[in-house]
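K.L.:
Could you work out the structure for the sequence below:
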Amino acid sequence: MNKDEQLLKLYLDLHNPESYPWNMSPESLYIEYVTRHYIRYRITVFEGMKACNIGIGVGEWDDYLGYTLLGKGTLTSVDIDAEIFDLFRYRQWREGHPNPSTVVCMDVLNSTLSNDLFDLVTIIGSTVKQTGEYEKTFHSCFDLLHKNGVLVYMDFLKNHTDDEFVQFIQSTPHRIEDISRYNEYPQVDFLICRARK
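P.N.:
Numbering: from 1, shown residues only. Coordinates of the predicted model:
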């Protein structure tokens with residue numbers, strides 16, 4: 001299958017009978033809205049800002065961050081899955097994203113990126129759960145931040161609680177700036193945390 005065929009399959013999969021009802025549901029749209037709103041109003045974008053997102057998935061979060069940084073900063077998107085990495089990079093090129101990500105295929109737990117690179121690191125959704133290494137994942141994320149850099153972490157409470165994050169941060173020199181819980185739809189309660197290195 002060539003890249004355009006893979007891209008068409010991705011577009012169609014987003015609208016297939018299994019996933020489309022969820023993608024169009026109020027719950028899904030609410031989660032996207034709140035997470036994007038959080039970044040827009042609680043993170044200051046500045047000239048020369050360098051951001052990193054861990055876990056690309058379908059790439060809509062990375063697309064949003066790229067637009068948020070447009071004209072001011074750059075985004076590096078990291079995913080362990082070579083197929084996701086390759087297709088996301090191609091999709092952004094094919095769609096003409098005005099501020100495309102630098103896409104890196106790697107395991108954040110065994111990062112080949114240099115330390116202290118970024119002003120902002122985000123890790124959204126089920127990424128932390130998928131790594132299977134809660135504390136090690138966050139240590140790796142903080143290693144990627146400049147001094148005073150910010151980590152934004154969004155997760156579902158069924159995966160990890162805010163208490164777990166607080167306990168982790170208390171064992172480090174980092175500090176929590178904000179923890180917000182959202183329960184508009186109790187079946188998908190989630191949290192967004194902001195911590196500073």
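K.L.:
quick one: the helices in this protein?
P.N.:
Using DSSP state H, the helices of the chain run over residues 3-14, 20-23, 26-42, 60-69, 82-95, 127-131, 134-143, 162-170.
K.L.:
so which of the ones you listed gets nearest Asp116?
P.N.:
helix 134-143 (7.8 Å; Cβ to Cβ). Bear in mind the C-beta positions are built from the backbone N, C-alpha and C, glycine included.
K.L.:
quick one: buried residues of the closest one?
P.N.:
Of the residues in helix 134-143, 134, 137-138, 140-143 count as buried by neighbour count, 16 or more other Cβ atoms under 10 Å.
K.L.:
what helices or strands is that helix leaning on?
P.N.:
strand 118-123, helix 127-131, strand 145-156, helix 162-170 (3 or more Cβ pairs under 8 Å, 6 or more residues apart in numbering; DSSP states H and E).
K.L.:
what comes up buried for stretch 189-197?
P.N.:
Counting neighbours by 16+ other Cβ under 10 Å, the buried set in stretch 189-197 is 190-197.
K.L.:
hmm, who's touching it?
P.N.:
Stretch 189-197 is contacted from outside by 31, 34-35, 38, 42-43, 142, 145-158, 161-162, 165, 169, 174-183, using Cβ atoms under 8 Å, 6 or more residues apart in numbering.
K.L.:
Could you tell me which of the buried residues of stretch 189-197 belong to strands?
P.N.:
190-196 (DSSP state E).
K.L.:
And the residues you listed, which is closest to Asp62?
P.N.:
Ile192 (17.1 Å).
K.L.:
And the buried ones among the contacts of stretch 189-197, selectable in ChimeraX?
P.N.:
Command for ChimeraX that selects the buried part of those, burial taken from 16+ other Cβ under 10 Å:
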select :31,35,38,43,142,145,149,150,151,152,153,154,155,156,157,162,165,169,174,176,179,182
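K.L.:
Would you confirm that Gln130 contacts Gly57?
P.N.:
No - assessed by Cβ atoms under 8 Å, Gln130 is found out of contact with Gly57, at 9.8 Å.
K.L.:
between those two, who's got more neighbours?
P.N.:
More crowded of Gln130 and Gly57, by other Cβ atoms under 10 Å: Gly57, with 17 against 14.
K.L.:
what's the nearest residue to the more buried one once chain neighbours are set aside sitting at in phi/psi?
P.N.:
Spatially, and ignoring its direct neighbours in sequence, Gly57 is nearest to Gly125 (6.8 Å; Cβ to Cβ, 6 or more residues apart in numbering). With angles defined as degrees, to the nearest 10, Gly125 sits at phi 80, psi -130.
K.L.:
State the pLDDT value of Gly125.
P.N.:
Listed pLDDT for Gly125 reads 93.
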